[in-house]
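> below is the sequence, then the predicted model.
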Amino acid sequence: MSDNTLSAVVRQVNATAIIDLHGEINAFGEEALNNAYAEASRAYPSAILLNFSGVDYINSTGIALIVGLLAQARKSGQRLVTTGLSSHYVEIFQITRLSDFMNIYPDEASALAAQ
Amino acid sequence: MTTLLRSFWQNLIGQPKSPMEAAAPPPAAPPARPVKALTLDLAPNDPLAIYFQSSSSAVEIERLNLDSPALRVLKAAGAKLAVPLVSQGEIIGVISLGQRRSEQDYSSDDRGLLSNLATQASPAVRVAQLVRQQQLEARARERLEQELRVARLIQQTLLPKELPALAGWKVAAYYQPARAVGGDFYDFIHLPDGRLAIVVGDVTDKGVPAALVMATTRALLRTAALQFNTPGQVLAQVNNLLCPDIPPKMFVTCLYAILDSASGRLHYANAGHDLPYAWSGNGATELRARGMPLGLMSGMTYEEMEKNVAPGESILFYSDGLVEAHNDRREMFGFPRLGQLVGGHSGGVSIVEYLLNELKAFTGPDWEQEDDTTMVVLQRGEAGGDGAWQVVSTFSIPSEPGKEREAMRLVAEATQNLNLPSARFEKLKTAVAEGTMNAIEHGNQNRPDLQVEIAVLVSASHHALAVRITDHALSGNKPVAAATPDLDAKLAGLQTPRGWGLFLIEKMVDKMNVINDETHHTLELIMTLEGDGHVR
């Protein structure tokens, strides 16, 4: 698997769809991210949880992809929440105000408990 | 001079009725009867030529008794009857006929007919000759043009595509080939120890031969630069390798210098090239070092000299195309004038434009450039200004999507000893990645042949580190400080979700500077370091 590849695997826990992300969120990950989001939203989950614990790099194009997902989610009234972000990326989500629109949880259990 | 004339000799035996019609056979259609073409060298002072000048009617060869080499050739070939083709008083050819097949003599009618034919054929033959001559000349011109194109291509391909980015220094280069393309070249070679080699050279001769020798010399210099440590050793090695292969009467003058940009030390050796100048607004000094041009004699040694380039001082390397330019009174621009102009200049890379203007004023507007003109200028920044920054590391990143990770990794390696707190270290990495992405995508338009140049610097006096990311400014849009992106508008689909890069960079580092010139954009990222102990 090349460094530039993103894998995005969807699993369902109760009413929450979790997207486990591994790799880098950049231009190369657009298709994987959008496909996973489409798959996750198909069953009308109460929330979609983006799990970034396998992600070591998010660039500005990646931020734009997440903004795109968030825009889609808001349009369809879908809740989008996150977990697994390093403190550096938590700060970036705060600087970009993404954290105003998607709750950031320290771990999967607390994210699921809040839904 | 001799005139080369073509004589057609027609064997007419057995063709008595129309002996003349085949006298000028069309070369494309094979004649029905055998035609021999013989080359007749008819010198203007040949008695036969003089005879033909006085009488242009058909003449029986055997009756002529002249001491003429051309006549002997005709007789030996069995010519019986000959008539000159005359156009505008000039003999442009001879029609000669051999024995009739009937073995009868030619009648006076035959002779009259041949004379008439010659009169009428002459202008047509002359026109054909002129057309052919023009075709040959056009072909020769085209060949010459093609050669010049090749020479120009070789040279332009091998000249540096970009100037080296040196912290605390400005570098400028100018190269203008003459129409005939001389053998000027210059080069910058990044040495593994971080120093920069600067080469300015000139191959004698012009065109393709000069370009090929230039290409060879450049390749030899590049190889030797990595094998040998000092300028004298490099020139000696190149000289020895060049000597056996260089065409006779050709040689290469070459100045080879190695700059340690941090200390300002310039180490140089000279293979018979024009002496560089050092100046800072108060007279110019020539940088002298002895050595024979490359390619003349093997086993030469080259004197090595050192110059400490002080802050504010500049160095000019150039080629003889500049000093040997003539005005319409055939006066030469010359070294005294150049030395005076350089010495009176306040210093810096603006010398290039200044000298070009002076050259134009000297030669006048209608000057056709005689030889290639080359100039390379190094200027050291003033002390306390940029000079306070020390380069820690420099590297080049090809402009391909995703390569910003490479930049991030290399900057992280170069700065790991500076003890940045880990959160700030992460921010620096993100800023470098975003700055590099911007340079790859916009400044260099994703062209893999273009590099993003990255320099990591530290300054003890500023207690800071700087990362300079330089691209080729291909997009007209200069990177400017970004406004805060409007996330609400993006989420509502009113704006593109993109446009975060510069905003992020600004938030990640303590200061972001944008430095633009005509051909480069540089994004400078500054991070303050805590206390003196963090700066090595």
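Happy to help now that I have it.

> where in chain B is pLDDT low?
Residue ranges of chain B with pLDDT under 70: B:1-37, B:383-388, B:461-462, B:477-482, B:517-518, B:531-536.

> quick check: residues of it near chain A?
When proximity is defined as Cβ under 8 Å from any Cβ of the partner chain, chain B approaches chain A at B:401-402, B:404-405, B:423, B:426-427, B:430, B:433-434, B:437, B:485, B:487, B:490-493, B:496-501, B:503-504, B:507. In this view, the C-beta of every residue, glycine as well, is placed from N, C-alpha and C.

> just the buried subset of those, written out for PyMOL, thanks.
Filtering the residues of chain B next to chain A down to the buried ones (16 or more other Cβ atoms under 10 Å in any protein chain shown) takes a single PyMOL command:
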select buried, chain B and resi 402+404+405+426+427+430+433+434+437+485+487+490+491+497+499+500+501+503+504+507
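
> and residue B:492, what does it touch?
residue A:71 (Cβ atoms under 8 Å, 6 or more residues apart in numbering or on different chains).

> relative to residue A:74, how far out is it?
Noted for residue B:492: a distance of 8 Å to residue A:74, by Cβ to Cβ, to the nearest Å.

> how about residue B:259?
In this structure, residue B:259 and residue A:74 are 58 Å apart, going by Cβ to Cβ.

> so which of the residues of chain B next to chain A are in helices?
Judged by DSSP state H, the subset of these located in helices is B:404-405, B:423, B:426-427, B:430, B:433-434, B:437, B:487, B:490-491, B:501, B:503-504, B:507.

> where's stretch B:273-282 relative to the chain centroid, distance-wise?
Averaged C-alpha coordinates place stretch B:273-282 at 25 Å from its chain's average position (Cα atoms, centre = their mean, to the nearest Å).

> and what of stretch A:58-73?
In this view, stretch A:58-73 has its centroid 9 Å away from the chain centroid, taken as Cα atoms, centre = their mean.

> same thing with stretch A:83-98?
Using Cα atoms, centre = their mean, the offset of stretch A:83-98 from its chain centre is 12 Å.

> what comes up buried for that stretch?
A:83-85, A:88-89, A:91-93, A:95-96, A:98.

> swap in stretch B:337-345?
Buried residues in stretch B:337-345 (16+ other Cβ under 10 Å): B:338-339, B:341-342, B:345.

> can you give me the offset of the longest strand anywhere in chain A from its chain's centre?
Using DSSP state E, we find that the single longest strand of chain A is strand A:47-58. The chain centre lies 5 Å from the centre of strand A:47-58; the measure is Cα atoms, centre = their mean.

> next SSE after that strand?
Using DSSP states H and E, the helix or strand that follows strand A:47-58 towards the C-terminus is helix A:60-75.

> other residues contacting that following helix?
Outside helix A:60-75, the residues that touch it by Cβ under 8 Å, 6+ apart are A:24-27, A:29-30, A:33-34, A:37, A:41, A:48, A:50, A:58, A:78-80, A:92, A:96, A:98, A:101-102, B:434, B:437, B:487, B:490-493, B:496-501, B:504.

> residue B:117 belongs to a strand?
No: if the criterion is DSSP: H, G, I helix; E, B strand; the rest coil, then residue B:117 is helix and not within a strand.

> residues contacting residue A:7?
Residues counted as contacts of residue A:7 (Cβ under 8 Å, 6+ apart) are A:1, A:21-23, A:32.

> now a PyMOL select for only the buried ones of the residues you listed.
Applying 16+ other Cβ under 10 Å to the contacts of residue A:7 leaves a buried subset, and the PyMOL line that selects it is:
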select buried, chain A and resi 21+22+23+32
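
> show me which pair in the contacts of residue A:7 is furthest apart.
Spanning the widest gap among these are A:1 and A:21, at 13.5 Å by Cβ to Cβ.

> which strand residues bridge residue B:175?
Per DSSP bridges, the residues bridged to residue B:175 are residue B:374.

> now for it, how many residues are close by?
Residue B:175 sits with 19 neighbouring residues when counted by other Cβ atoms under 10 Å in any protein chain shown.

> and if you look at residue A:60?
Residues near residue A:60, counting by other Cβ under 10 Å, number 25.

> check it and give its pLDDT.
In this prediction, residue A:60 carries a pLDDT score of 95.

> starting at the chain centroid, how far to the host helix or strand of residue B:337?
Using DSSP H and E, residue B:337 maps to helix B:335-344. Its chain's average C-alpha position is 27 Å from that of helix B:335-344, according to Cα atoms, centre = their mean.

> can you list contacts of the helix or strand that comes right after that helix?
As assigned by DSSP H and E, the chain's next helix or strand after helix B:335-344 is helix B:351-363. With Cβ under 8 Å, 6+ apart as the test, helix B:351-363 has contacts from B:172, B:174, B:314, B:316, B:322, B:325-328, B:333, B:337-338, B:341-342, B:345, B:367, B:373, B:375, B:377.

> and if we set it to 6 Å?
For helix B:351-363, the surrounding residues in contact (Cβ atoms under 6 Å, 6 or more residues apart in numbering or on different chains) are B:172, B:174, B:316, B:325, B:327, B:333, B:341, B:345, B:375, B:377.

> which one of the residues you listed sits in the busiest neighbourhood?
residue B:316 (27 neighbours).

> can I assume that residue sits in a strand?
Yes: looking at residue B:316 with three-state DSSP, it is inside a strand.

> tell me the bridge partners for it.
With DSSP bridges applied, residue B:316 shows beta-bridge pairing to residue B:277, residue B:377.
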